[in-house]
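Engineer: pasting the sequence and the predicted model now:
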Amino acid sequence: MSKLPQEIIVDILTYLPAKSLIKFKCVCRSWRSLISDPQFAKLHLKRAHEDENINRQRLLIAADPLYSVDFEAASDGDNGNTLVKLSYPNAESHNDSFAVGLFLGSCDGIVCILNEVDSVVLWNPSTRESKKLSGPTSSLHKDFSTGLGYDSSTDDYKMVIASSATASTRSDQIMVEVFTLKTNTWRTVQGSLPGITLGSNYYGEFWNGALLWLGKRDAAHHLDVIVPFDIEKEKFMEAVPLPNHFYTAVLSISGNCLCVFGELQPSGSYFEAWLASEYGVKTTWRRLFAVPADKLCLDCYSSGMWLTKKGEVLLDNHGCPGILTLYHPVEDAKKLLKVENDGDPFYESAIYTESLVSLC
């Protein structure tokens, strides 16, 4: 390897998983320096985003024990590599335990957690690096929407909390608190969403420079719009209509596309999945499938849903503790994944990308 040009070595290493690269830091000083370089972490992350043959998305399940789930491996029948146990981040120096209360966001391998003692913590499950944040002003026990995003103009990560409960008396005002990783501080900006209500207690998806939340117009009883928040400009953008009116719905990212999964009515209805490759007011949606909702055993605890490369839907149904479902809508076939859990049966979950991004 020492005879290869440096750029070739770098290119080869960007294809490797984060777990292997962390071990390779012990090979020699030059490799340790290279793999620890923030620029290499960016190249490694860019490769994961751009190469469809690389599988680095994982489902993080806050059960007891904590699990990282490779749902593409599960889809391929590779059960031996599907579930990996992780250790909780010990971000509290006075406490050996760490229980997840809520996931508040996920971006580029960094996950934001609200633990059960109301501490907000950033954590990279791949590197095991964690950072406790100072507390925001807003209460995370009221109606709020959260998210984690990357500002390319400043090369910085931002944690966002939007809460109408802590805004002014004007009904369209939203108080937004923004934490920037580089400054390690929170600041408050005022936002306005005339005629739109944000979905509560839901963390947004970061896509193409914006955090995306679900919302509804005041006159609507169902979720009917996506509300984008520009991470760089720190302001709300024009709402984008959903392809249908949903009783319950979730957003997710599949490859470079935005997905929305939703149930049309509370009972006896259809479950639909839609996909968009571009985003904006004139977003073009493509319906992937529609199936009777009872085929997926949906209930009020169902939250996370993601699309595998084979077109299967991964359903994290919190109403069936310890069970993940892979459903193939074309073949009408299910695979059940059992997750060991000795803690609270109604655990939290979040998607993250294995990465080397540092919190320093």
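Structural biologist: Sure thing, it's come through.

Engineer: from here on, contacts and neighbour counts on C-alpha atoms
Structural biologist: Fine.

Engineer: could you check how far the nearest residue to Lys334 once chain neighbours are set aside is from Arg56?
Structural biologist: Once flanking residues are discounted, Lys334 sits nearest to Tyr327: 4.6 Å by Cα to Cα, 6 or more residues apart in numbering. Distance of Tyr327 to Arg56, computed by Cα to Cα, to the nearest Å: 21 Å.

Engineer: neighbour count: the two, which is higher?
Structural biologist: Tyr327 (22 against 18; other Cα atoms under 10 Å).

Engineer: beta-bridge partners for that one, please?
Structural biologist: For Tyr327, the beta-bridge partners under DSSP bridges are Val313, Lys334.

Engineer: how confident was the prediction at Ile113?
Structural biologist: pLDDT, Ile113: 87.

Engineer: quick one on the thing from earlier: for the residue nearest to Lys334, which residues are in contact?
Structural biologist: Contacts for Tyr327 (Cα atoms under 8 Å, 6 or more residues apart in numbering) come out as Leu296, Glu312, Val313, Leu314, Leu315, Ala333, Lys334, Lys335.

Engineer: quick check: the third one touching Val291?
Structural biologist: No. With the criterion set as Cα atoms under 8 Å, Val313 and Val291 do not qualify as a contacting pair; they are 11.8 Å apart.

Engineer: distance from the chain centre to stretch 11-24, please.
Structural biologist: 23 Å (Cα atoms, centre = their mean, to the nearest Å).

Engineer: typo on my end, stretch 145-160
Structural biologist: Worked out by Cα atoms, centre = their mean, stretch 145-160 lies 13 Å from the chain centre.

Engineer: what about the residue nearest to Pro292 when sequence neighbours are not counted, distance to Gln57?
Structural biologist: The spatial neighbour of Pro292 that comes closest, neighbours along the chain excluded (Cα to Cα, 6+ apart), is Tyr270 at 4.4 Å. Per Cα to Cα, Tyr270 is found 28 Å from Gln57.

Engineer: C-terminal to the helix or strand containing Lys42, what's the next element?
Structural biologist: Here Lys42 sits within helix 38-50, counting by DSSP states H and E. Going down the chain from helix 38-50, the next helix or strand is strand 57-61, by DSSP H and E.

Engineer: ok, and what's touching that next one?
Structural biologist: So strand 57-61 is in contact with 66-71, 347-354, going by Cα under 8 Å, 6+ apart.

Engineer: wait, Leu148 sits on Phe103?
Structural biologist: No. At 10.4 Å, Leu148 does not count as touching Phe103 under the criterion of Cα under 8 Å.
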